[in-house]
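Asker: Sequence and predicted structure below; questions after.
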Amino acid sequence: MTWPAYSEYKSAGVEWLDQLPAGWEMQKLRRICPLTTGWTPPSGDEASYRGENLWANISDLGPRVLEAPERRISDEAVMRARIPVSPKGSLLFSFKLSIGQVSFAGQDMYTNEAIATFRKSPRLDLGFAYYSFPYALVKNASENIYGAKLLNQELMYAARIPLPPLDEQRGIAEFLDRETAKIDALIGKQEQLIATLREDRTATITHSVTKGLDPNVEMKDSTVEWLGAVPAHWTVSRFSRHIAINAGQVDPRLEPYRDMILIAPNHVEAGTGRLVSTETAADQGADSGKYQVTAGQVIYSKIRPNLSKVVIAPTDCLCSADMYGLAADPDQLSTDFMLYMLLSQPFTDYVIDSSMRVAMPKVNHDSLGAAPVWIPPKDEQVEIARYVEARCARIDALIAKSTEMIETLREYRSALITDAVTGKIDVRKAV
C-alpha cells in the first residue's frame, strides 16, 4: 500500500535526513528522555551471579518484551555497583557490539553496561522510541577505522532525533504495531512453509534411499532396529567394508596445500549436501594439519552430526580435521547415492546417538566405520540418486522462492518503519 506524504516539510538540519514534517522537531535526546546504563561484575566474581535479580545482556534482546533474561545477579552486586533498576515497561537499547537491538522490560530487571535503559518521559512515547531509536540513534553513531558503528552515553545524549508531537508519536507507534504484525504474520507463514518443505526434502531422501523407488518390491528385515525393512535384494553391511576414511594429514602452510580450497563445516549447508562458500587454506590462515580429499569424494562433518553437513568435493582439496574425507568403493557404491544415504534420517539418528556418548557431540572414526549401510545394486543406486536429485531440486526452488519473499517482506518492513519515524509518510489517517 502507498501512504501519503505530509503537506509541508522543513529542513531537518542533519546530514542523514534532508527534511522532516513542518510540525516535527529535531531534538537532542538529553532534552526528551533520561537514560541509564548497567554494569557487569568482574570476571571470576562467581558470587555476584548467585542471586535472584534479573540481569539482561545484549543476547537477551530481540523479543518485543523481555520477560526472563538468562542470567541473574545478587543483591550484593547491585548494591556494590549502585546500578539502577530498569523498570517494567522501560525500553532496553543495545549501544555496543550489536547496536540497535531493542526490547521492552517485561519485569523490573538490571542490565549490563552495553544496554541503555530509557524510561517513560512526558515528551517521548516509548512505543514510538521502540521503532525510532534503532534507526535514528544509530544514525548518530560514529565509526571506527573498520566502519563499525560506535555509540556511547555522550553520543546518545547528543543525538538529534526526529520528534513528532506526543499524540502523533502514539499514533505512529499504533500504526507500526498493526502493520508490522501483518508483515510478521506473512513472514511466519513463509517460514513455516520452508520448514515443511525441508521436512519433505528429508522425507524424500530417506524414503528413496531406504525403500527404493518400486512400491511393490519385496522387503526384508534389515536386522537393524533403526533402519527397519529394506528391499529384499539389497545388501546390509558395515560402513568400513564399502567406504574408506582418508587418513594422514598435511601441513596447510606448505605448497601446494596453502593454495588449495580448504573445506570446513561452516562452508557446508546443513542437511542439503551443498557447498555454500569456498576459501583457500591461505585465505583462512590455516596452520594445523588437514586431510587431503580427491575430487568426487565425500566430505562429512564429524562434529555436531545432527546438522548433517556432507558434500561432494568439487575439486582436489583439503578438509578440516573436524571432517572426514570418504572414498566409496567404486565397484559397489555410487558417490551420489552415498551422499543421500548420509543425509537420510536413519543414518543421522545413528550418528547422533553415537556422538552423544562423548562429552562433545562428535562421531568418532570407529563409530562411523561400524555404522550399518544398505547397498542396492549399482544401477539402482544411480536411478535413486537421479530421482532424489530431481525431487530435491524442485523442493529447493520452492524454498528459494519463499526465502526471497521473506527477504522482500523484511526489506519492506524496515523501509515502512524508517519512513514512518522520519515523517516521509503521513499515517495519521491510517490510525
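Answerer: Perfect, I can see it now. Numbers count the residues shown, from 1 in each chain.
Asker: number of nearby residues for Gln292?
Answerer: If you count neighbours by other C-beta atoms under 10 Å, Gln292 ends up with 18. C-beta coordinates here come from the backbone N, C-alpha and C atoms, glycine included.
Asker: Likewise for Arg178?
Answerer: Applying other C-beta under 10 Å, we find 12 residues neighbouring Arg178.
Asker: How about Asn140?
Answerer: Asn140 has 19 neighbours, counted by other C-beta under 10 Å.
Asker: which residues does it contact?
Answerer: The contact partners of Asn140, taken as C-beta atoms under 8 Å, 6 or more residues apart in numbering, are 151, 155-156, 158-160.
Asker: Sort out for me which of those are in strands.
Answerer: In strands, judged by DSSP state E, the following of the contacts of Asn140 are found: Arg160.
Asker: out of the contacts of Asn140, who's nearest Tyr387?
Answerer: Among the contacts of Asn140, Leu151 lies closest to Tyr387 (C-beta to C-beta), at 54.5 Å.
Asker: Model confidence for the closest one, exactly?
Answerer: We have a pLDDT of 91 for Leu151.
Asker: same check, this time on Ser103
Answerer: 98.
Asker: Is it in a helix, a strand, or coil?
Answerer: Per DSSP: H, G, I helix; E, B strand; the rest coil, the local secondary structure of Ser103 is strand.
Asker: Isn't it up against Glu67?
Answerer: No - contact criterion C-beta atoms under 8 Å: Ser103 and Glu67 do not qualify, at 9.5 Å.
Asker: Look at those two and report which has more neighbours.
Answerer: Ranked by neighbour count (other C-beta under 10 Å), Ser103 and Glu67 place Ser103 first, with 22 against 14.
Asker: could you pull out the strands for the stretch 301-431 of the chain?
Answerer: Ranges of strands in the stretch 301-431 of the chain, per DSSP state E, counting those that start in this stretch, are 310-312, 317-319, 323-328, 372-375.
Asker: quick one: which of these is nearest Ile243?
Answerer: strand 323-328 (5.3 Å).
Asker: Could you spell out the sheet neighbours of the closest one, each with its direction?
Answerer: strand 243-245 (antiparallel), strand 298-301 (antiparallel) (DSSP bridges).
Asker: which one of the ones you listed lies closest to Ala195?
Answerer: Ala195 lies closest to strand 298-301 among the strands paired with strand 323-328, at 22.0 Å (C-beta to C-beta).
Asker: who's in contact with the closest one?
Answerer: 263, 265, 268, 293, 307, 309-313, 319, 322-328, 335, 338-339, 342, 368.
Asker: for the record, mean pLDDT for it?
Answerer: Mean pLDDT, strand 298-301: 97.
Asker: Now do it: distance to the chain's middle.
Answerer: The gap between the average C-alpha position of strand 298-301 and the chain average comes to 22 Å, counting by C-alpha atoms, centre = their mean, to the nearest Å.
Asker: buried set for that strand?
Answerer: 298-301 (16 or more other C-beta atoms under 10 Å).
Asker: export those residues to a markdown table and tack on distance to Pro256?
Answerer: Formatted as a markdown table, the buried residues of strand 298-301 follow (distance: C-beta to C-beta, whole Å):
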| residue | distance to Pro256 |
| --- | --- |
| Val298 | 22 |
| Ile299 | 19 |
| Tyr300 | 24 |
| Ser301 | 25 |
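Asker: Out of those residues, which comes closest to Thr418?
Answerer: Using C-beta to C-beta, the buried residues of strand 298-301 come closest to Thr418 at Ser301, 40.0 Å.
Asker: Contact partners for His242?
Answerer: Neighbouring residues of His242 by C-beta under 8 Å, 6+ apart: 328-329, 332-333, 373, 375.
Asker: and if you look at Gly13?
Answerer: By C-beta under 8 Å, 6+ apart, the neighbours of Gly13 are 26, 160.
Asker: hmm, 7 Å instead?
Answerer: Counting by C-beta atoms under 7 Å, 6 or more residues apart in numbering, Gly13 makes contact with Met26.
Asker: Surely it is within a helix?
Answerer: No - under the criterion used here (three-state DSSP), Gly13 is strand, not part of a helix.
Asker: ok, now how distant is it from Ile194?
Answerer: Counting by C-beta to C-beta, to the nearest Å, the gap from Gly13 to Ile194 is 45 Å.
Asker: hang on, Val14 packs against Arg160?
Answerer: Yes - under the criterion of C-beta atoms under 7 Å, Val14 makes contact with Arg160 at 5.7 Å.
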